[in-house]
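In: The following comprises the amino acid sequence and a computationally predicted model.
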Amino acid sequence: MNKKQKKVLARIVLSTLLLAAVWAAFRFGLLPERRLPALGLYLIPYLVIGYDILKKAAKGILRGQPFDENFLMAVATVGAMALGEYLEGAAVMLFYQIGELFQSYAVDKSRRSIGALMDIRPDYANVADESGALTQVDPNEVTPGTVIWVQPGEKIPIDGVVAEGESTLDTAALTGESLPRDVSAGDEVVSGCVNLTGLLKIRTTRAFGESTASKILDLVENAGARKSRQENFISRFACWYTPVVCYSALALALLPPLVRLALGVGADWGVWVYRALTFLVISCPCALVISIPLSFFAGIGGASRAGILIKGSNYMEALARVKTVAFDKTGTMTQGVFEVSGVHHNTVEERRLLELAALAESYSKHPISLSLQKAWGGALDQSRVSELQEYPGRGLVATVDGLRVAVGNDKLMEEQGILWQPCHGVGTLVHVALDGDYAGHILICDRLKPGASVALAELRRAGVERLVMLTGDAPAAARQAAQALGVEEFYAALLPGDKLDKVEELLNEKNGCAKLAFVGDGINDAPVLSRADVGIAMGALGSDAAIEAADVVLMDDSPEKVPKAIRIARKCIRIVYENIVFAIGVKLLCLLLGALGIANMWAAIFADVGVMVLAVLNAIRALNVKNV
Amino acid sequence: MKKSYAIEVDCANCANKMEQAAKNTAGVKDATVNFMALKMHVEFEEGADVAAVMKAVQKACKKVEDDCEIYL
């Protein structure tokens, strides 16, 4: 509890004791039941607990903006006092303050627990001077290229490459999985991981502000900037709810007595004014206004704990309504680690073909190029390569040792007017042509990620009706992967632009409020990620483009996180709707009972504070995503 | 241009009121207040004087809820 809250707590305790003493004094006849002294005595606990509310209400009136909860409570309690209901007046104010205190405590607490979940912000970096002595410096001041020391037990403050040392890293804070990762010299490491075993010397590659940990924190902290429909509904609702209830209260206080006067029966002003005051007590929209953003906040916090970053409440909502999931194959459902499994129809020697292909591809970081380079295994002298021309989605042509080498898929061969041989094996086919003559093809295989087919089955169970695989791969490879994954619908041989068109088509085919999610690994599918209703980028550690373009970022690359994200979103939205229905329902019921005179002011204040407490407790449930 | 500021406010409804007040300030294109994260995100209009606009936003917010704070 902070200072402010402690002060309120002290006032609550003091006021409760005073109120109990005064009530007991009258109840057991220690004091005579006379109007004026009773009012005076009850005013003491009332003012102790309510002076700040009264002050704020007065200020609101002076500013010309009276409709806030302070004003309502002030009018309701002062009115009750005026009607001679001293105990009720003081008690309503007391309960109102207890509710406010609970709310502020609960919000603070969940703020802190979510803050603790995201405790990946490093506070310092160790830099060694010439003598080898370490000094702790502000990570903001470390320029890229500096060598920083990270001792066992410390967090890596800045992204970089290990220059010296071997160790095991705990990535749980980033990915939600406590799978330790071994690193040694030459490996890239990202900030936010905890160094477990050995001393690491890391050459930083980025500034602190650009590092993964800072980016993730930014993302989580700014998540609330994009509000969901429910949140917008609540702010609009709060805008008209309070005035409407106030005017109804006024009507309730004036109309029935006037009608009764006209009918010639007693006006009963006291009864109707009391019922109107009951209205005012219920008119505060606190329960809704606090619990809806709190639910989203807790849901986003809980998800980030599981390694799923959701960029805004609106995406949480969209995610909950996903009915179509389109996904990329390579790197998303497969490991994206390719292996050359064979060289066929080659007119030159196998090793020679691999060497030429690897050289031609030596400038590329594409997974297929990397697999060619790996299969060749030897050193690659890039000075042998010239006149490189890339054909996105098809391949490339380059001059190697004076030979025109074309490396790519069927489309490239057709464009170059080269007759190619099909393959009986299944996988990705890379054709090679030398000086315009077909020289054979290299068959490359990719393996499915463990858990990929389970993840897709779980998606179906979570209510996703349509699963579509989009891939740039050849139809044969795509069919095999689709069969292994248990997906009927797939589109193969798509260029990056075609994927976008396909997603457009799928967006048109689905009905109104259902949403489409696209899952990709962030490599060349940034446009598709941003076009889909929900773009989910996978394995985003260190990939800036994916973090920028996606709406939901999965910190590691396990496909199981996709159904998990959807289930977390469903749970969060369910809690949001529970709170909306529950809070509005109870309030309307109390308004009705209050108008009929069945519910008195006691019931009203319990409805107000009780609903708020329950809604807040329910909202905090969204934080728990372990067994979702 | 967009900027975010740390704020302090006690109740969620007051945060909504601050959001409205900020939105209606001249020079502000859009504003959102995140009560849970205690942040105000402001998108300024082209060529607006950020410092002056934020002073106005602060004043407008104080007017609707005097128990609030925007850390510029």
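Out: Arrived safely, thanks for sending.
In: Every contact and neighbour count from this point should use C-alpha atoms.
Out: Fine.
In: residue boundaries of the strands in chain B?
Out: In chain B, the strands defined using DSSP state E lie at B:2-8, B:28-34, B:39-44, B:69-71.
In: so which of those gets nearest chain A?
Out: Among the strands of chain B, strand B:28-34 comes nearest to chain A, with 5.4 Å by Cα to the nearest Cα.
In: returning to that earlier point: I'd like the strands of chain B written out as CSV, with mean pLDDT, distance to A:Phe296 and mean neighbour count added.
Out: Listed next are the strands of chain B as CSV, based on pLDDT from 0 to 100; distance: least, Cα to Cα, whole Å; neighbours: other Cα atoms under 10 Å in any protein chain shown:
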stretch, mean pLDDT, distance to A:Phe296, mean neighbour count
strand B:2-8, 85, 19, 15
strand B:28-34, 89, 11, 22
strand B:39-44, 88, 15, 22
strand B:69-71, 88, 23, 15
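In: TSV for these, including distance to chain A?
Out: Output for those, formatted as TSV (distance: least, Cα to the nearest Cα, whole Å):
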stretch	distance to chain A
strand B:2-8	9
strand B:28-34	5
strand B:39-44	7
strand B:69-71	15
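In: Might you list the low-confidence residue ranges for the stretch 451-600 of chain A?
Out: A:522-523, A:540-544 (pLDDT under 70).
In: could you pull out the helices for it?
Out: Secondary structure of the stretch 451-600 of chain A (DSSP state H, counting those that start in this stretch): helices at A:452-461, A:475-485, A:496-509, A:526-531, A:544-549, A:561-596.
In: so what's A:Leu134 up against?
Out: A:126-128 (Cα atoms under 8 Å, 6 or more residues apart in numbering or on different chains).
In: Could you measure from it over to A:Val189?
Out: Counting by Cα to Cα, to the nearest Å, the separation of A:Leu134 from A:Val189 is 21 Å.
In: Which positions in chain A make contact with chain B?
Out: Contact residues (Cα under 8 Å from any Cα of the partner chain) of chain A with chain B: A:63, A:65, A:104, A:107, A:111, A:221, A:224-225, A:235, A:238, A:286, A:289-290, A:293-294, A:297.
In: Burial check on the closest residue to A:Val273 other than its chain neighbours, number of neighbours?
Out: Nearest residue to A:Val273, sequence neighbours excluded (Cα to Cα, 6 or more residues apart in numbering or on different chains): A:Ala253, at 4.6 Å. Using other Cα atoms under 10 Å in any protein chain shown, A:Ala253 has 22 neighbouring residues.
In: Neighbouring strands - and their directions - for the helix or strand hosting A:Val162?
Out: Using DSSP states H and E, A:Val162 maps to strand A:160-164. Strand A:160-164 sits in its sheet next to strand A:188-189 (antiparallel), strand A:200-204 (antiparallel), going by DSSP bridges.
In: Next SSE downstream of that strand?
Out: Using DSSP H and E, the helix or strand that follows strand A:160-164 towards the C-terminus is strand A:167-170.
In: thinking again about what came up before, need the contact partners of the strand holding A:Val162.
Out: Here strand A:160-164 makes contact (Cα under 8 Å, 6+ apart) with A:147, A:183-190, A:200-206.
In: Then stretch A:263-270?
Out: A:83, A:253, A:256-258, A:260-261.
In: what's the next secondary structure element after the helix or strand containing A:Lys55?
Out: Element membership of A:Lys55, judged by DSSP H and E, is helix A:35-63. Using DSSP H and E, the helix or strand that directly follows helix A:35-63 along the chain is helix A:69-82.
In: Buried ones in that next one, by neighbour count?
Out: Using 16 or more other Cα atoms under 10 Å in any protein chain shown as the test for burial, helix A:69-82 gives A:69-81.
In: Once you drop chain neighbours, what's closest to A:His431?
Out: Of all residues not flanking A:His431 in the chain, A:His441 sits nearest, at 4.2 Å (Cα to Cα, 6+ apart).
In: Please work out how many residues are found near the one you found.
Out: Neighbourhood size, A:His441 [other Cα under 10 Å]: 29.
In: contacting residues around residue 5?
Out: This is for chain A. By Cα under 8 Å, 6+ apart, A:Gln5 lies in contact with A:101, A:104-105.
In: um, chain B though
Out: B:Tyr5 is in contact with B:39-41, B:70-72, counting by Cα under 8 Å, 6+ apart.
In: now swap in A:Asp533 and tell me
Out: A:Asp533 is in contact with A:318, A:515-518, counting by Cα under 8 Å, 6+ apart.
In: what stretches of the stretch 1-150 of chain A score poorly on pLDDT?
Out: For the stretch 1-150 of chain A, the stretches with pLDDT under 70 are A:33, A:117-119.
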